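In: Sequence first, predicted coordinates after that:
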Number of protein chains: 2
Amino acid sequence: MALLDLFTQEIQVINTGMTAFRDDLARGGVPVIQVDWKPPVGVAGEALDIIDDNIAKITAANEKVLDIILKGKPMLIGMGVALDTIPGMKKNLILHSGPPITWDRMSGPTRGAVIGALIYEGMAKTPEEAEKLAASGSIEYAPCHEHSAVGPMAGIVSSSMPVFIVKNETYGNQAYCTLNEGLGKVLRYGAYGDDVVERLKWLEKVMYPVLKKAIESLERGLDLKNMIAQALHMGDEVHNRNRAGTSLFYRAIAPAVIRTCEDRATAAAVLEFINGNDHFFLNLSMPAGKATLDAARNVDGSSILVVMARNGTDFGIQLAGTGNAWYTGAALVPDALYFPGFTKDDANPDIGDSAITETFGLGGFAIAAAPAIVQFVGGTARDAINYSMTMYEITFGENNMYQIPALNFRGTPTGIDVTKVIAKNITPVIDTGVAHKKPGVGQVGAGVVQAPIDPFMKAFEGLAAKLK
Amino acid sequence: MALLDLFTQEIQVINTGMTAFRDDLARGGVPVIQVDWKPPVGVAGEALDIIDDNIAKITAANEKVLDIILKGKPMLIGMGVALDTIPGMKKNLILHSGPPITWDRMSGPTRGAVIGALIYEGMAKTPEEAEKLAASGSIEYAPCHEHSAVGPMAGIVSSSMPVFIVKNETYGNQAYCTLNEGLGKVLRYGAYGDDVVERLKWLEKVMYPVLKKAIESLERGLDLKNMIAQALHMGDEVHNRNRAGTSLFYRAIAPAVIRTCEDRATAAAVLEFINGNDHFFLNLSMPAGKATLDAARNVDGSSILVVMARNGTDFGIQLAGTGNAWYTGAALVPDALYFPGFTKDDANPDIGDSAITETFGLGGFAIAAAPAIVQFVGGTARDAINYSMTMYEITFGENNMYQIPALNFRGTPTGIDVTKVIAKNITPVIDTGVAHKKPGVGQVGAGVVQAPIDPFMKAFEGLAAKLK
């Protein structure tokens, strides 16, 4: 289908899924033809019947969830050190991306990042010492997502790390994320060499106090919702492309940095670090998504995702309607563009909390706004449009603030609906970086990946069980 | 035609213009059908014959011109005060936008800006005094374009004004442009109140020394070609939308400002001024275009434009193949989106050197990269694509560095070819702001306007006369 036809097409639907969708569409006056069909994925027949019987309740709950998502207003209001800032943080606790996992099941990059964090914290002197400590049982592990936090790739947060504080001004809840380290050999990709630890120390000792002071000097903080909306008009999807978001953040913060940092060389160094790292804004778009989606948790009956995250071993999701339950499946190895010298054999399975951007209707869902990403991995602007268009098939609504210029400023597909994922057998697309499967190496590629279907099947059945 | 078809369509041409085009296309293996036809515009039959007879020479010259344009490398290398920097500048000389014009024929906004400049220079105390002096004969006027300079809207440059120095690194020539004042009541729109003059003084006394020092501290200057290429990937067309360009400039200059400006409050104020003015980069994209196109002047036989500019009364163009000759016609009043309280009756005819961006293959020619502009004036993303697609009809080539993401990263249509404009009766589209026709008021709207055909007819005949 040609792009411009999409602007004007008449909606015509052949419904091959659950009858509830037919009824729903028919009520809306949309012509629909019902075809007898079972989802190609093996969800239990009983679950299908329960969802079908409860579709009115689910729809009402989803409307509430979508409303909360659209009304969310994430503001960057400050910074703090993880131990003093993140609820439940402890000195011997390490947060990681994705669903819960124990040391013995952790992937290479996650282990590498844990090793780096223990050295950074001064709890170990060598990688060998760190590995021993990590496996000793005296270190506790928990998902970032269970502490109002998010972390890209390995997503490791330890007690001394500085974090951004993002507040959902509408609902009062907060989310947290570390500072982005840049590209190359960095902790989040599982590297833990001296340079990695030194950079983390520089972020803590030099960058953090300067940025904290600058952010706190702003009367109202920084409006991340507005910045994300602008960034989408400027070629970002705020997951794998954050050049515009980083620029807008930089424009806003630079005068405050100058006014509040007495040492000019330090102020310049802080700004040069941000200017040299186009991914800097990722660690703001992620907590913006987290703060927005956390407000939509615990809406009884809702089939909309509030979390989609990977720990490098498992891919896990959480629904607004199923409390704190995780539904997991094996994380897949991405078909990606690999850097020279690396192949898919080197790649770790999909990893990171950054899929919070897709859960929020951005990232791969908004990739039509950022065709340069698709071009980078060998595709065309049309592929980017196709990815975004397909995501409207599995989302409950559209954003009223975040727009895709190439789709004539249509709102981004928002609110991943597990019933649609199962009914259509379409899983979310996720933009992602790819880490080496061994600890200590770093990034080996980037690409656009498809989520596995298993966690969605389990979530579908989990929601049915709750509605029974 | 649907956008995505454009990516793959077979080229099929019905040639209704000069036979030379048919021959040209046929040589390239393109299927072409010749239809007997005369251009609907009244160029002399003799001129048509001469151009037709010389098409091989014209094409060879145009290839040379395109090559010079594509190889141009505009770098921001410094700043200076107009009197000491712009060749031929004098204390009693005022530069203006567009082709040459005398005081008695100047439009309201140009007169307003001249009045403001004379007050700013201390040569008059009141608008009445300034008007008298302006008309007295002791003030000389000349086009910016004849002094390697460009100016947006009224384009007034007087001797004390600071200007950017942009060097075409490949060919060694330089171009100059003043600092952008922001929106609202500003000199370039013909306003001359105390606030306008005070802002000009602030730019000269505070901003200029800080920026000059910062730019000079950079080892190689700033690569404007690279910034423009990036900005096109970020929703700018660098004429009416410069948010990304401004952001990229700001990112690059801020650390240098901090390092070189000892007074932190001043440094912050300078950056805040830039951050508050998304048009700041226009006054860099314009001299980038000027420096690039000036290197392509005086290529015998070329039908490609090196200047397209308006003084608010006349619309003028210059060709690479016709030396310093101006070909002019009446500037048209834009069909634009007018600000509340204003109508087309308030509008001055089209004004400004900013059409150098279109002459350079950007602005309206690249508007598919910046659909937000078209949306702002009531159009759709499709309209933006149509504008750019049509401009490929009248350009000699495509840029190899500046790309339009929505056209699958196709190079921008580059090198306006007057023979194509006449053969197809398609004139360039230009993004523009609209000034009030009376001096002292300011901006009243913005829109996308079509160039008048007259200057192109005269240029076509002028080129024929040179080739005779």
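Out: Looks like it came in fine. Residues are numbered from 1 along each chain as shown, chains lettered A, B, ... in the order given.
In: Does the residue nearest to residue A:259 when sequence neighbours are not counted belong to a helix, a strand or coil?
Out: Closest residue in space to residue A:259, ignoring its immediate chain neighbours: residue B:268 at 4.9 Å, by C-beta to C-beta, 6 or more residues apart in numbering or on different chains. (Each C-beta comes from the backbone N, C-alpha and C, glycine too.) Counting by DSSP: H, G, I helix; E, B strand; the rest coil, the backbone at residue B:268 sits in helix.
In: same deal with residue A:328?
Out: Put simply, residue A:328 is strand when judged by three-state DSSP.
In: Would you map out the domains in chain A?
Out: Structural domains of chain A, as assigned by automatic domain parsing, span the residue ranges A:1-37, A:47-71+A:298-467, A:74-288.
In: Let's see stretch A:323-338 as CSV, backbone CA atoms only.
Out: Provided in CSV are the C-alpha atoms of stretch A:323-338 (Å, rounded to 0.1, in the frame of the first residue of the first chain):
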residue,chain,number,x,y,z
GLY,A,323,-0.5,-6.3,38.9
ASN,A,324,3.2,-7.2,39.4
ALA,A,325,3.1,-10.4,37.5
TRP,A,326,5.9,-10.9,34.9
TYR,A,327,5.2,-12.9,31.8
THR,A,328,8.4,-14.1,30.2
GLY,A,329,9.9,-16.1,27.3
ALA,A,330,13.4,-16.5,25.8
ALA,A,331,14.9,-13.3,24.5
LEU,A,332,15.8,-13.7,20.8
VAL,A,333,19.1,-12.9,19.1
PRO,A,334,18.6,-9.9,16.9
ASP,A,335,18.9,-10.0,13.1
ALA,A,336,20.9,-6.8,13.1
LEU,A,337,23.6,-4.9,11.3
TYR,A,338,26.9,-6.1,12.9
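In: pLDDT on it, on average?
Out: Summarised as a single mean, pLDDT over stretch A:323-338 is 94.
In: give me phi/psi at residue A:149?
Out: Torsion angles at residue A:149 (phi, psi; degrees, to the nearest 10) stand at phi -120, psi 170.
In: Please name the nearest non-neighbouring residue to it.
Out: By the measure of C-beta to C-beta, 6+ apart, the closest residue to residue A:149 outside its immediate chain neighbours is residue A:176, 4.3 Å from it.
In: next SSE after the host helix or strand of that neighbour?
Out: Element membership for residue A:176 (DSSP states H and E) is strand A:174-178. From strand A:174-178 onward toward the C-terminus, using DSSP H and E, the following helix or strand is helix A:194-202.
In: Name the next helix or strand following that following helix along the chain.
Out: Downstream of helix A:194-202 (by DSSP H and E), the next one is helix A:208-217.
In: Off-centre distance for the helix or strand just after that following helix?
Out: Stepping forward along the backbone from helix A:208-217, the first helix or strand reached (DSSP H and E) is strand A:222-223. Put simply, strand A:222-223 sits 19 Å off its chain's centre (C-alpha atoms, centre = their mean, to the nearest Å).
In: that older thread, any buried residues in the strand holding residue A:176, and which?
Out: Judged by neighbour count (16 or more other C-beta atoms under 10 Å in any protein chain shown), strand A:174-178 contains these buried residues: A:174, A:175, A:176, A:177, A:178.
In: what about the strands in the stretch 201-350 of chain A?
Out: A:222-223, A:305-311, A:314-319, A:327-330, A:337-338 (DSSP state E, counting those that start in this stretch).
In: Looking at those, which is nearest to residue B:438?
Out: When the strands of the stretch 201-350 of chain A are compared by C-beta to C-beta, strand A:222-223 sits nearest residue B:438, at 38.3 Å.
In: so what strands line up beside that closest one?
Out: Within its sheet, strand A:222-223 is paired with strand A:74-81 (antiparallel), according to DSSP bridges.
In: So for the strand it pairs with, what gets flagged as buried?
Out: For strand A:74-81, the neighbour count (16+ other C-beta under 10 Å) marks A:74, A:75, A:76, A:77, A:78, A:79, A:81 as buried.
In: Distance of the residue lying closest to the fifth one once chain neighbours are set aside relative to chain B?
Out: Leaving out its chain neighbours, the residue that sits closest to residue A:78 by C-beta to C-beta, 6+ apart is residue A:165, at 4.5 Å. In this structure, residue A:165 and chain B are separated by 23 Å, where distance is defined by C-beta to the nearest C-beta, to the nearest Å.
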